[in-house]
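J.: 3D model of this:
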Amino acid sequence: MSGHSKWATIKHKKGAADAKRGKLFAKLIRQVEVAARNGGGDPDMNPTLRTMYQKARDSSVPLDTIERAIKRGTGELEGVNYEEVSYEGYAPHGVAVYIEALTDNRNRTGPEIKALFSKLGGSIAEPGAVAWQFERRGVVQVPGSAPEDDLMMAALDAGAEDVRKEGDRWAVVCEPAVLTDVRTAVEAAGFEVLSSDLTMLPTSLVELDSADVVKPILRLIDALDEHDDVQDVYANFDIPDGVLAELDA
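T.: Predicted coordinates:
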């Protein structure tokens with residue numbers, strides 16, 4: 001999964017930029033609100049809300065903002081009724097793309113997503129066409145300076161499946177159901193946790209051999225990610241080190 005790790009590193013950097021301009025905050029707040037609406041406002045009784053709550057806190061969303069989002073979700077405060085919807089498609093060069101969105105009007109969001117694919121050299125696909133190329137997993141991010149053996153021991157004992165190097169950090173991968181347990185165990189072992197989240201990991205990768213091939217794919221993914229209703233964009237491509245260095249330059 002090393003190639004995907006490089007893409008994950010790009011996303012982490014982009015996420016930091018998003019946070020500075022507030023876009024990431026808006027998406028996280030929406031995720032908290034929907035989680036509370038679907039499963040109740042008590043994080044101890046609602047695992048999805050617990051994950052989204054922690055994700056928002058990891059990104060420094062103010063506590064009172066999160067609490068208001070929970071109250072909108074439970075109906076204590078007036079809010080918008082968002083619907084969870086996913087889209088699937090292909091970027092240039094056959095790269096599979098899976099999109100998760102929260103929208104108050106799927107009749108608006110769907111055509112807009114389709115238009116982005118069409119405009120930027122991709123194509124929208126039928127439901128299920130690419131979803132099978134990804135699997136839902138929990139991922140706990142830890143600084144890369146952490147000793148691998150000690151981290152792996154703490155993580156595997158708590159039910160993690162794997163510990164992988166992703167750029168300048170470790171990714172502890174687990175089943176979604178044990179994400180909170182794994183994070184708690186990693187913290188209890190004395191490791192700093194940078195983030196924990198539910199994600200979609202690709203089961204196979206498309207290797208991209210030049211910057212000219214990568215650039216149009218990133219343009220499409222960035223455009224999708226910028227859409228206000230889109231929460232996450234996942235893709236199954238591999239960027240070799242040499243190409244990544246060329247892009248960074």
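J.: hey, let's count contacts and neighbours off CA atoms from now on
T.: Noted.
J.: distance from the centroid: which residue in this protein tops it?
T.: Glu76 (28.3 Å; C-alpha atoms, centre = their mean).
J.: that's a strand at that residue, yeah?
T.: No. Per DSSP: H, G, I helix; E, B strand; the rest coil, Glu76 lies outside any strand segment and is coil.
J.: Can you show me the helices along this protein?
T.: 2-20, 23-39, 47-58, 63-74, 106-119, 148-157, 179-188, 211-226, 241-248 (DSSP state H).
J.: quick one: the residue farthest from the centre of the chain from Thr103, how far?
T.: 21 Å (C-alpha to C-alpha, to the nearest Å).
J.: With Ala171 instead?
T.: Applying C-alpha to C-alpha to Ala171 and Thr103 gives a distance of 30 Å.
J.: What separation do you get for the residue farthest from the centre of the chain and Thr48?
T.: Noted for Glu76: a distance of 19 Å to Thr48, by C-alpha to C-alpha.
J.: Okay, now the unreliable bits of this structure?
T.: 1-21, 249 (pLDDT under 70).
J.: can you list the domains in it?
T.: Using automatic domain parsing, the domains assigned to the chain come out as 2-74, 83-131+205-248, 133-202.
J.: Can you lay out those domains as JSON lines showing mean neighbour count?
T.: As requested, the domains of the chain are arranged in JSON lines below (neighbours: other C-alpha atoms under 10 Å):
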{"stretch": "domain 2-74", "mean neighbour count": "18"}
{"stretch": "domain 83-131+205-248", "mean neighbour count": "17"}
{"stretch": "domain 133-202", "mean neighbour count": "18"}
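J.: Right, I'll call it a day here.
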